[in-house]
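Visitor: Build the 3D model from these lines:
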Amino acid sequence: HFKEPVMLQCGHSVCKECLPTCPTCGMHFDGSITATATGGAPDEALTRAQAEAAQAREELAHTRQTLDQTRQELAQARQELAQANQKIGDMTARFEAAAEARKVEEAEHDPKVAELLEKIRRCTGDTIRICGKELNDRCAIGLAAWLATNDTVTELDLSDNQIGDEGARALAAALSKNSTLTELDLSNN
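Guide: Prediction:
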């Protein structure tokens, strides 16, 4: 054991009287570098350092375990969120389909729309022109229901009416189901 042991900045423990040079590594310490007292035998300092290192390793292992658990929980939460978003999407699609069906039903029960559809069903040609008749969105929704199943009319002119965005969307949706119509005129609406 050392008399008046000190821990040098090079990490070695020596007797204070061995300064200014470390007998282990030969590093020279001038007056600006001060050695730190170990507060006990070098073995005690080493034991303390080893205990602190062991504690740090335990804390690191615990932190890694917590991080892994958090990652697993995050993955689970993402999966649950994806499932919830899928359910919301399905519910939204069903709601929108029901709303569109309700609009079509309401349109078909409108006397103006019913009369319009009756006239169209009596037409035998491949071109229908309904221009300047003040057709509105409800009329367009009724026409869209007919247009979705049409297999004879190739040209439909609905120009100069009052069809707005809602009616235009209904007609566009009907066109995705109709392969017969080749021309649709909605100008001046």
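Visitor: Next up, identify which helix or strand Leu116 is on.
Guide: helix 111-122 (DSSP states H and E).
Visitor: And the next helix or strand past the helix or strand bottoming out on mean pLDDT in the chain?
Guide: In the chain, no helix or strand scores lower on mean pLDDT, DSSP states H and E than strand 36-37, which sits at a mean of 50. Following strand 36-37 in sequence order, the next helix or strand is helix 42-109 (DSSP H and E).
Visitor: which helices and strands does that next one pack with?
Guide: strand 5-7, strand 13-15, helix 111-122, helix 137-149, helix 165-175 (3 or more CB pairs under 8 Å, 6 or more residues apart in numbering; DSSP states H and E). Every residue, glycine included, has its C-beta placed from N, CA and C.
Visitor: Could you rerun that using 6 Å?
Guide: Contact analysis of helix 42-109 by 3 or more CB pairs under 6 Å, 6 or more residues apart in numbering; DSSP states H and E lists helix 137-149 as its packing neighbours.
Visitor: Work out the gap between the helix it packs on and the centre of the chain.
Guide: Helix 137-149 sits 36 Å away from the centroid of its parent chain (CA atoms, centre = their mean, to the nearest Å).
Visitor: Give me the most central residue, the protein.
Guide: Ala82 (8.8 Å; CA atoms, centre = their mean).
Visitor: gap between it and Thr92?
Guide: For Ala82, the distance to Thr92 equals 15 Å [CB to CB, to the nearest Å].
Visitor: what's the answer for Asp185, then?
Guide: Asp185 is 33 Å from Thr92, by CB to CB.
Visitor: State the distance from Leu158 to Ile130.
Guide: As judged by CB to CB, Leu158 and Ile130 stand 6 Å apart.
Visitor: list the helices and strands the helix holding Leu116 packs on?
Guide: helix 137-149.
Visitor: Low-confidence regions, this protein specifically.
Guide: When residues are selected by pLDDT under 70, those of the chain lie in 1-3, 18, 30-43, 45.
Visitor: What would stretch 55-73 look like as PDB? C-alpha coordinates only.
Guide: Output of stretch 55-73 as PDB, limited to C-alpha atoms (Å, rounded to 0.1, in the frame of the first residue of the first chain):
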ATOM      1  CA  GLN A  55     -24.000   0.100 -11.900                       C
ATOM      2  CA  ALA A  56     -23.700   2.100 -15.200                       C
ATOM      3  CA  ARG A  57     -23.900  -1.200 -17.100                       C
ATOM      4  CA  GLU A  58     -27.000  -2.200 -15.200                       C
ATOM      5  CA  GLU A  59     -28.600   1.200 -15.900                       C
ATOM      6  CA  LEU A  60     -27.700   0.900 -19.600                       C
ATOM      7  CA  ALA A  61     -29.200  -2.600 -19.800                       C
ATOM      8  CA  HIS A  62     -32.400  -1.300 -18.100                       C
ATOM      9  CA  THR A  63     -32.500   1.600 -20.500                       C
ATOM     10  CA  ARG A  64     -32.100  -0.700 -23.500                       C
ATOM     11  CA  GLN A  65     -34.900  -3.000 -22.100                       C
ATOM     12  CA  THR A  66     -37.200   0.000 -21.600                       C
ATOM     13  CA  LEU A  67     -36.400   1.200 -25.100                       C
ATOM     14  CA  ASP A  68     -37.200  -2.200 -26.600                       C
ATOM     15  CA  GLN A  69     -40.400  -2.400 -24.700                       C
ATOM     16  CA  THR A  70     -41.300   1.100 -25.900                       C
ATOM     17  CA  ARG A  71     -40.600   0.100 -29.500                       C
ATOM     18  CA  GLN A  72     -42.900  -2.900 -29.100                       C
ATOM     19  CA  GLU A  73     -45.600  -0.700 -27.700                       C
END
